[in-house]
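> need a 3D model of the sequence below.
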Amino acid sequence: MTMIRLYRFSLVIFAGLSLPAKGNSPIQSASALSNPSSPSTTQKRLKLVQVQIIHRHGDRTPITPMADAEFWRGTLPAHTLLSKMAKGTDVLTNDENGQTHAAAGIGPFGKLTQLGIFQMVEVGSRIREELQLNDEEEEESLMVGEDGHIHINRGRLFTKMDPLHPSKVKIKSTNFPRTIQSVQALLLGLFPDGFEGTLEIDARHTDILIPDPQPRLSSEQIDLERTLSQRPHLLKKEEELKDLAAKVSKDLVHLVDGDNVHSANFGIGEESEKQKNLLSFSQMAEVLTCLKIRSMLPESITETDCRTITSHSAWKWIENLRDERLAQLAMKSFMNIIMKNLNIEKNKGEQDDTKCFIYSCHDSSLIGLMCAFKLEQPEEWPEYGSFIKVELFEVDNSIESGGGGNGVENKYFVRFSLNGAILQTSWGLDENMVPADMICLESLNGSIDYAHGPAVNKT
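Model (predicted):
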């Protein structure tokens, strides 16, 4: 497809920002499976039956209003390109309340850039490669993964007989232009030859797809964020960094729009804080990231300064969302959607063809889910185009039971990964109390019910 080739060629122009690193294989294991809540130490035949993708949007302009609005407006895609991208999609919105999150940005700020479009097309292409058997791979072909188990269809979800098709995909997005446009670009890579009909993008559930909706969904979350932000170890860290924060904020003052800068205050534990500097840590981190990508950092701000500010902002988010009660308040509804889809797959009949669920979200959504599902944390903040993959595997008992099943109930196991690297969950511990790569679906259901209370219809 000419448009796809153009996007891929154009990536060369924007070599300053790389896509999330690919794993060497669809089964990039962090450890061997030796877990009673995983598919047992005996070699099993596993079939991938469902995938849920939660991705961050592509490269964007700063959310914080900048002084040189025209420069940032020049990084945006043409309206004609956006119209072509939107072809074949129907965006469902619910705008009755008229409220807009501060992180949506104003004017040209907080918007998906041309580079962001190119990135997301490539992400869609990568996801297609990971989900669909290629023309050279045989139907029902087997592969022994790094986990020691046999993966039917080489661990792919779609085959020649059961190909990737829009009817098998459902999409949700936050109601931000950059996330809607990101998933539209992703679809160009996922379906490079185009598709007939219309794919709905459900953008009616922003408040449950992010951990920091505005306003918060409960007064308890507001009060808890305030309490958590005042913990001694956080205050100590902020005190240690106050001089650097004041310096960086001062060094950025000539680049930001001072009249509108506070319209973009956002983030867990930041919105209610008394502003000590011109910019909050979240604002400094996101502005520095956008400038660094384009080699526009002021000379007075070193790479070390930039790394310290961005790392601290990420650390604050994770430290707060690791709190079990806050994770429940902020992310339980999103978890419920994911868990409901996993359990529906286990119990559904042939009438439902959906196998792939895509959620177009934000870095905070990914971090929030990793904390809520008690997944190991990445070494670095998820960059643009990063995606969590939630895979559901069915254990094939047909051989062990003589080929007919003989009433043996197949078990289901869940695996989480970020950009191809396995994320272990502390809810799935082996006999040595070490996290494993997969967790039994029933064990995951029970762990979530125990930690957060039952809220999912699993039938």
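
> for burial, what's the neighbour tally of the nearest residue to residue 322 once chain neighbours are set aside?
Spatial nearest neighbour of residue 322, excluding adjacent residues (Cβ to Cβ, 6 or more residues apart in numbering): residue 371 at 5.2 Å. In this view, the C-beta of every residue, glycine as well, is placed from N, C-alpha and C. Using other Cβ atoms under 10 Å, residue 371 has 23 neighbouring residues.

> got the contact list for residue 371?
Residue 371 sits next to 318, 321-322, 327, 331, 377 when contact means Cβ atoms under 8 Å, 6 or more residues apart in numbering.

> one more pass at 7 Å, please.
Taking Cβ atoms under 7 Å, 6 or more residues apart in numbering as the criterion, residue 371 is in contact with 318, 321-322, 327.

> now, those residues that are in helices?
Among these, the members found in helices (DSSP state H) are 318, 321, 327.

> doesn't the residue nearest to residue 322 belong to a helix?
Yes. Checked against DSSP: H, G, I helix; E, B strand; the rest coil, residue 371 lies within a helix.

> can you give me the distance of it to residue 127?
Distance, residue 371 to residue 127, by Cβ to Cβ, to the nearest Å: 24 Å.

> wait, a strand at residue 301?
No. Using three-state DSSP, the assignment for residue 301 is coil, not a strand.

> helix or strand for the closest residue to it other than its chain neighbours, which one?
In space, and not counting its chain neighbours, residue 301 is closest to residue 251: 5.3 Å by Cβ to Cβ, 6+ apart. Element membership for residue 251, per DSSP states H and E: helix 232-252.

> before we move on, back to that, from residue 211, how far off is the residue nearest to residue 322?
Distance of residue 371 to residue 211, given as Cβ to Cβ: 9 Å.

> between those two, what contacts are shared?
What both residue 371 and residue 211 touch, as defined by Cβ under 7 Å, 6+ apart, is the set residue 321.

> tell me what the helix or strand hosting residue 287 is packed against?
Using DSSP H and E, residue 287 falls within helix 281-293. Identification of packing neighbours for helix 281-293 by 3 or more Cβ pairs under 7 Å, 6 or more residues apart in numbering; DSSP states H and E yields helix 232-252, helix 303-321.

> need the winner for burial among these.
helix 303-321 (a mean of 18; mean count of other Cβ atoms under 10 Å).

> how about a markdown table for the contacts of residue 371, with distance to residue 197 and pLDDT added?
Formatted as a markdown table, the contacts of residue 371 follow (distance: Cβ to Cβ, whole Å; pLDDT from 0 to 100):
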| residue | distance to residue 197 | pLDDT |
| --- | --- | --- |
| 318 | 41 | 94 |
| 321 | 38 | 95 |
| 322 | 43 | 94 |
| 327 | 38 | 95 |
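
> could you dump these to a markdown table with distance to residue 360?
Putting those into a markdown table (distance: Cβ to Cβ, whole Å) gives the following:
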| residue | distance to residue 360 |
| --- | --- |
| 318 | 22 |
| 321 | 20 |
| 322 | 25 |
| 327 | 22 |
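
> so where's the stretch 251-400 of the chain uncertain?
Along the stretch 251-400 of the chain, segments meeting pLDDT under 70 span 263-277, 348-351, 398-400.

> which residues touch residue 415?
391, 393, 422, 437-438.

> what's the lengthiest strand in the chain packed up against?
In the chain, taking DSSP state E as the definition, the longest strand is strand 45-56. Contacts defined by 3+ Cβ pairs under 7 Å, 6+ apart place strand 45-56 against helix 114-131, strand 150-152, helix 324-347, strand 356-361, helix 363-372, strand 387-395.

> for whatever helix or strand comes next after that strand, buried residues please.
Moving toward the C-terminus from strand 45-56, the next helix or strand (DSSP H and E) is helix 69-73. Buried residues in helix 69-73, defined by neighbour count with 16 or more other Cβ atoms under 10 Å: residue 72.

> please apply the same query to stretch 369-379.
Of the residues in stretch 369-379, 369-376, 378 count as buried by neighbour count, 16+ other Cβ under 10 Å.

> farthest-apart pair in the residues you listed, please.
Maximum pairwise distance among those (Cβ to Cβ): 15.1 Å, between 372 and 378.

> one step back: chain center to the helix holding residue 287, what's the gap?
19 Å (Cα atoms, centre = their mean, to the nearest Å).

> please save the CA atoms from it in CSV.
Extracted C-alpha coordinates of helix 281-293, given in CSV (Å, rounded to 0.1, in the frame of the first residue of the first chain):
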residue,chain,number,x,y,z
PHE,A,281,7.4,17.9,38.0
SER,A,282,5.0,16.3,35.6
GLN,A,283,5.0,19.4,33.4
MET,A,284,8.8,19.7,33.5
ALA,A,285,9.2,16.1,32.6
GLU,A,286,6.8,16.2,29.6
VAL,A,287,8.3,19.5,28.3
LEU,A,288,11.8,18.2,28.6
THR,A,289,10.9,15.0,26.8
CYS,A,290,9.4,16.9,23.9
LEU,A,291,12.4,19.2,23.7
LYS,A,292,15.0,16.4,24.0
ILE,A,293,13.4,14.4,21.2
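
> next, the angle helix 114-131 makes with that helix.
Interaxial angle, helix 281-293 versus helix 114-131 (axes from the mean of the first three to the mean of the last three Cα atoms, to 10 degrees): 90 degrees.

> which residues does residue 191 contact?
Residue 191 neighbours (Cβ under 7 Å, 6+ apart): residue 166.

> over to the one 10 residues further on?
When contacts are counted by Cβ under 7 Å, 6+ apart, residue 201 is found next to 89-92, 171, 173, 180, 183.

> try 8 Å this time
Per Cβ under 8 Å, 6+ apart, neighbours of residue 201: 89-92, 171-173, 180, 183-184, 360.

> likewise residue 207?
Going by Cβ under 8 Å, 6+ apart, residue 207 touches 213, 217.

> equivalent analysis for residue 392, please.
Here residue 392 is in contact with 48-51, 342, 345-346, 412-414, 441 (Cβ under 8 Å, 6+ apart).

> give me that answer again for 7 Å
Applying Cβ under 7 Å, 6+ apart, we find residue 392 in contact with 49-50, 342, 345, 412, 414.

> equivalent analysis for residue 341, please.
Applying Cβ under 7 Å, 6+ apart, the residues near residue 341 are 52, 357.

> ok, of the contacts of residue 415, which come out buried?
By 16+ other Cβ under 10 Å, the contacts of residue 415 give 391, 393, 422, 437-438 as buried.

> dump those into JSON lines; add distance to residue 336 as well.
JSON lines is the format used below for those (distance: Cβ to Cβ, whole Å):
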{"residue": "391", "distance to residue 336": "19"}
{"residue": "393", "distance to residue 336": "21"}
{"residue": "422", "distance to residue 336": "24"}
{"residue": "437", "distance to residue 336": "24"}
{"residue": "438", "distance to residue 336": "21"}
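
> farthest-apart pair in those residues, please.
Checking these with Cβ to Cβ, the most distant pair is 393 and 422, at 13.0 Å.
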